[in-house]
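Enquirer: can you look at this prediction? I've put the sequence above it.
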Amino acid sequence: MSTIKIHDKEFTPYITDQEIQEKIQLLAQQLKKDYGNKKPLFLSILNGSFLFTADLFKYLDFEAEVCFVKLASYKGVSSTGNVITAIGLDTNLNDRHVIILEDIIDTGKTLHHFLPQLQSQQLASLKIAVLLNKKEALAYPIKVDYDCFEIPNKFVVGYGLDYDGLGRNSKDIYQLKED
Ligand code: IMP
Ligand code: MG
């Protein structure tokens with residue numbers, strides 16, 4: 001793998017496709033232990049989580065459902081103040097074991113603003129699973145229950161994650177190159 005350029009910035013190889021797939025399979029095994037007979041509902045946060053959700057879902061060999069919402073708070077390489085619900089929740093979550101799927105948790109702002117939308121329903125349980133956990137960047141009281149990778153507070157692209165719309169269609173994950 002070599003350096004790639006997206007818009008004006010250079011990115012260096014960081015996590016390979018193979019490493020990603022291995023970690024997602026381990027997560028699927030753990031979820032089977034925790035939810036194997038609970039028929040959980042995975043609530044995937046678009047856009048960034050679409051590949052993570054698709055791959056994880058293929059590795060789940062027990063009864064499970066999936067639904068999607070679309071939230072956005074990012075512009076360029078940093079979080080903006082506002083979280084927008086672009087496509088809302090249309091699924092009944094009452095009595096359901098819900099697992100939120102996020103590509104990456106950064107400041108935690110997106111989920112912090114979204115979670116109150118679930119409060120009007122009586123969930124059986126709620127957990128959060130993320131592919132990438134930027135632990136040092138967390139600034140809101142969000143508890144991540146499952147993560148595949150803990151990563152430092154540096155901007156990454158690939159495997160669903162974008163830089164201003166581009167870079168999502170890379171199997172591997174790249175990290176912003178230091179100047
Ligand atoms: P948070 O609200 O600050 O936790 O940011 C969450 C959302 O911002 C994620 O779901 C991503 O869509 C986006 N995001 C955060 N960090 C990165 C990154 O390093 N690269 C690309 N997108 C990111
Ligand atoms: Mg996202």
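Expert: Noted; the coordinates are in hand. Numbers count the residues shown, from 1 in each chain. Ligands and ions are numbered 1, 2, ... in the order given.
Enquirer: contacts for stretch 7-21 next, please.
Expert: By CB atoms under 8 Å, 6 or more residues apart in numbering, the residues outside stretch 7-21 that reach it are 1-5, 55, 77, 131, 148-149, 156-159, 163-164, 166-167, 171-177. Every residue, glycine included, has its C-beta placed from N, CA and C.
Enquirer: show me what contacts the spatially closest residue to Gly36 that is not a sequence neighbour?
Expert: Nearest residue to Gly36, sequence neighbours excluded (CB to CB, 6 or more residues apart in numbering): Phe62, at 4.7 Å. Phe62 makes contact with Lys32, Tyr35, Gly36, Asn37, according to CB under 8 Å, 6+ apart.
Enquirer: go ahead and confirm the first one touches Glu63.
Expert: Looking back up the chat, that one is Lys32. No: applying CB atoms under 8 Å as the test, Lys32 and Glu63 come out as separate, 10.7 Å apart.
Enquirer: point out the residues in the protein that sit beside ligand 2.
Expert: Applying CB under 5 Å from the ion, we find that the chain lies next to ligand 2 at Gly48, Asp103.
Enquirer: quick one: name the residues of the chain near ligand 1.
Expert: Along the chain, the residues adjacent to ligand 1 under the rule CB under 6 Å from any ligand atom are 48, 73-74, 79, 102-110, 155-157, 161.
Enquirer: just the ones of those in helices?
Expert: Lys109, Thr110 (DSSP state H).
Enquirer: okay, and which of the contacts of Phe62 map to helices?
Expert: Lys32, Tyr35.
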